[in-house]
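Student: Return a 3D structure for these sequence lines:
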Amino acid sequence: MAKTILLGLIIVASTSIAVAQDDYKRWEIFGGYSRNNVDSGISDSDPELGFIDVREGFNGFNASVTGNLTRYFGLKFDVSGHYKTQTIPFTSIAHVDVNSRLYNFLGGVQVKDNSAESTFKPFAHALVGAAHGRNRVNFSNDFCVAFASIPAPCPFDFTDSETGFAGAFGGGLDIRVSNRIDIRAIQIDYNPTRLGDSTQHNIRIGVGLVFH
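Tutor: Sure thing, here's the model as predicted:
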C-alpha cells in the first residue's frame, strides 16, 4: 500500500511539473505607435543640402505576430510604416513639398519569457527582410516661375521609390495587465536599411499593446 501511495504522489508531482513547464502563451499580437529616426544620408558638412537634417523624425505604426515554439523562443513577423511630409522653402512664396514613406517587412526570432504568470517580460529579437522607401516631390508653381521661367502647372513633380534589404535588432519590455493583454512600455530597434546604394542607420522606437 505504501508503495502504491508513493507511486501516486510521484505521478501527481511529475504531472504538476509538466503542466507548469507547459503553461506559456503560444501567440502574441502587437500593435502600436512607432517613431523612426531615419538616417537621411546627408552630411553635416554638405553646404548645398543644409536644409535637410542628418536625421529626420518619421511617425507611424508597428505591428507584429509571434508564434512561440517554447516558453522562451518564438518566430516573429513584423511590419511597420513611417511617414513624413515637409515643405522646403526657397523664397517667401516658392517651395517644394516632399512626402516620404518608409515601410519594413521583417521576420526572425524573438527571445522572451512567455510564462502566463510573468509580470515583467523583457524581450530581444533579431529580424531581417525588406524595406520600401518612397518620396513624392511636388514643386510649387511659384518655384517653376521663379527658377525656370515656366508657367503653371509645374512639370517637375516626380516620385522616386526603391526596395532593399532591412533589419531590426533590439528589444524592449512588456508589462502584464491581464491574462490577455500586456502593455509594451518600450521597444527600441536598430533598423538598418539598404536603399539608394547606401546604408541608412535608423533608430526605431515604439509603444503599444500586446494581445494573447
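Student: For this structure, which segments count as strands?
Tutor: Assigned by DSSP state E, the chain shows strands spanning 27-39, 55-68, 73-89, 95-112, 120-139, 158-176, 181-195, 198-211.
Student: you'd agree residue 65 is up against residue 79?
Tutor: No - here residue 65 lies out of contact with residue 79, judged by C-beta atoms under 8 Å, at a distance of 9.1 Å. Quick note: C-beta positions are derived from backbone N, CA and C, even for glycine.
Student: Tell me, what's the model's pLDDT at residue 146?
Tutor: Looking at residue 146, its pLDDT is 61.
Student: actually residue 153, not the one I wrote
Tutor: Residue 153 is given a pLDDT of 65.
Student: quick thing: my sequence starts at 59, can you match it?
Tutor: With 59 as the first residue, the last one maps to residue 211.
Student: buried stuff in stretch 127-144?
Tutor: Within stretch 127-144, the residues scored as buried using 16 or more other C-beta atoms under 10 Å are 129, 132, 134, 136, 138-140, 142.
Student: Quick one: the residues you listed as JSON lines, columns for distance to residue 186 and pLDDT too.
Tutor: Formatted as JSON lines, those follow (distance: C-beta to C-beta, whole Å; pLDDT from 0 to 100):
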{"residue": "129", "distance to residue 186": "24", "pLDDT": "96"}
{"residue": "132", "distance to residue 186": "16", "pLDDT": "98"}
{"residue": "134", "distance to residue 186": "11", "pLDDT": "98"}
{"residue": "136", "distance to residue 186": "10", "pLDDT": "98"}
{"residue": "138", "distance to residue 186": "14", "pLDDT": "98"}
{"residue": "139", "distance to residue 186": "18", "pLDDT": "98"}
{"residue": "140", "distance to residue 186": "18", "pLDDT": "98"}
{"residue": "142", "distance to residue 186": "24", "pLDDT": "94"}
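Student: Next, find the distance separating the nearest residue to residue 192 once chain neighbours are set aside from residue 94.
Tutor: The spatial neighbour of residue 192 that comes closest, neighbours along the chain excluded (C-beta to C-beta, 6 or more residues apart in numbering), is residue 219 at 4.1 Å. Distance from residue 219 to residue 94, counting by C-beta to C-beta, to the nearest Å: 17 Å.
Student: okay, now residue 125: neighbour count?
Tutor: Per other C-beta atoms under 10 Å, the neighbour tally for residue 125 reads 12.
Student: nope, residue 97 is what I was after
Tutor: Per other C-beta under 10 Å, the neighbour tally for residue 97 reads 18.
Student: Tell me what it is bridged to.
Tutor: residue 113 (DSSP bridges).
Student: Contact partners for it?
Tutor: Counting by C-beta atoms under 8 Å, 6 or more residues apart in numbering, residue 97 makes contact with 112-113, 258-260.
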